[in-house]
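Peer 1: Here's a sequence, model it:
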Amino acid sequence: MKRMVLALAAFAGPTAAEPPPGTLDGVWTNAFLTSMERRKEFNALTVPEAEARAFEEKPPKIQEEDPVGQEDSEFPERGPGLARIRGQARTSWIYSTADGKTPWTPAAAAANKARRDGAKVNYANVEQRPLPERCLGAAFAGPPLVNGPDLSVHTIVETPDHVVIASEYINNTRIIRIGGKHGPAALKAWMGDSVGRWEGRTLVVETINFHPDQFLGPGDVSASARHKVTERFTRISPSELHYEFKVENPDLYTQSWRGEMVFRPAPSFHEYACHEGNYALTNILAGGRTSDAAPPPPVEQKRAD
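Peer 2: Numbers count the residues shown, from 1 in each chain. Okay, here's the model as predicted:
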């Protein structure tokens, strides 16, 4: 990590003028019933208020099958309802595709399905378990930033030279350099290499050079060398932060796609203790190593008559 910070610092270049104080600073949440992709209950990007209120009164379960009561025990924080952007109730953050879905190529969609179906995944192998389980990162931290049923809290801190986004989930922290240029393509980083600039009170951030093993949300496909995310952060009121993004990657998508969301102040920011007291994972991995060490079963020999 220290080597990566030193290497990136060499490409930081000149710094921009200090932005107006408090433009983005704060603890924010994007916890809403609105999700990145359009929910199956809706057919359009926006819905009338009556339809929005009916949905909010009885929202769907986080997961259709919940045999162990996870939805109650995990204390989901799904926000006050659907997000309102410019006064309209939004059914998805994605607004640039007709169906409100990520425009995967057929190959990328097939890879997503294979990963969800468990193909080529050995859960007894540490390096094949999902990144959040390895405490290496999660799609919630972006870019782009994604909300979920809980832990949709982010702290933003500004300095003259950097803007830092610390996400509550997995404690991912993204450091955005103001001004300068990107590091070399060979230097890959979790959450990519982010360089920002100020356009008035809007912070524009361009991120490239994602780690090849980083999964992208929504979806489970890994990033490729041509992945690029452009974000725009604007404080539009004391109690609201507007966030817009564009995602480009011709290796994964049939077109570039865009989304926007709003953040509201969060009451707190808590430590996320990754795997504290998680004996299940320890036991699974220990069982896998026991199986690896066991002698192979004898081969049944058929007698020739």
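Peer 1: Please state the backbone phi and psi of Asn171?
Peer 2: Torsion angles at Asn171 (phi, psi; degrees, to the nearest 10) stand at phi 60, psi 30.
Peer 1: for Glu49, that is, sorry about that
Peer 2: phi -60, psi -40.
Peer 1: and the closest residue to Ser35 other than its chain neighbours, what does it touch?
Peer 2: Excluding the flanking residues, the one nearest Ser35 by C-beta to C-beta, 6 or more residues apart in numbering is Ser92, at 6.3 Å. For the C-beta atoms, the positions are set from N, CA and C on the backbone; glycine is no exception. With contacts taken as C-beta atoms under 8 Å, 6 or more residues apart in numbering, Ser92 has the following neighbours: 34-39, 42, 45, 100, 259.
Peer 1: one more time with 10 Å, if that's ok
Peer 2: Shown in contact with Ser92 (C-beta atoms under 10 Å, 6 or more residues apart in numbering): 34-39, 42, 44-46, 82-83, 99-101, 259, 261.
Peer 1: Only whichever of those residues are buried, select them in ChimeraX.
Peer 2: Per 16 or more other C-beta atoms under 10 Å, the buried members of those correspond to this ChimeraX selection:
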select :34,35,36,37,38,42,45,46,82,83,100,259,261
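Peer 1: ranges for the helices of the stretch 1-150 of the chain?
Peer 2: 2-9, 49-57, 70-73, 106-116 (DSSP state H, counting those that start in this stretch).
Peer 1: What average pLDDT does the longest helix seen in the chain get?
Peer 2: The longest helix of the chain (DSSP state H) is helix 279-293. What helix 279-293 shows for mean pLDDT is 85.
Peer 1: So which residues make contact with that helix?
Peer 2: With C-beta under 10 Å, 6+ apart, helix 279-293 has contacts from 122-126, 129, 133-134, 275, 278.
Peer 1: change it to 6 Å
Peer 2: Ala124 (C-beta atoms under 6 Å, 6 or more residues apart in numbering).
Peer 1: same check, this time on stretch 189-208
Peer 2: By C-beta under 6 Å, 6+ apart, stretch 189-208 touches 16, 19, 23, 137, 143, 163, 174, 176-178, 182-183, 209-211, 214, 228-234.
Peer 1: Excluding sequence neighbours, find me the nearest residue to Asp99.
Peer 2: Closest to Asp99 by C-beta to C-beta, 6+ apart is Arg38, at 6.5 Å.
Peer 1: List the residue ranges of the stretch 101-250 of the chain that fall below the pLDDT cut-off.
Peer 2: Within the stretch 101-250 of the chain, the stretches with pLDDT under 70 are 118-121, 138-139, 216-220.
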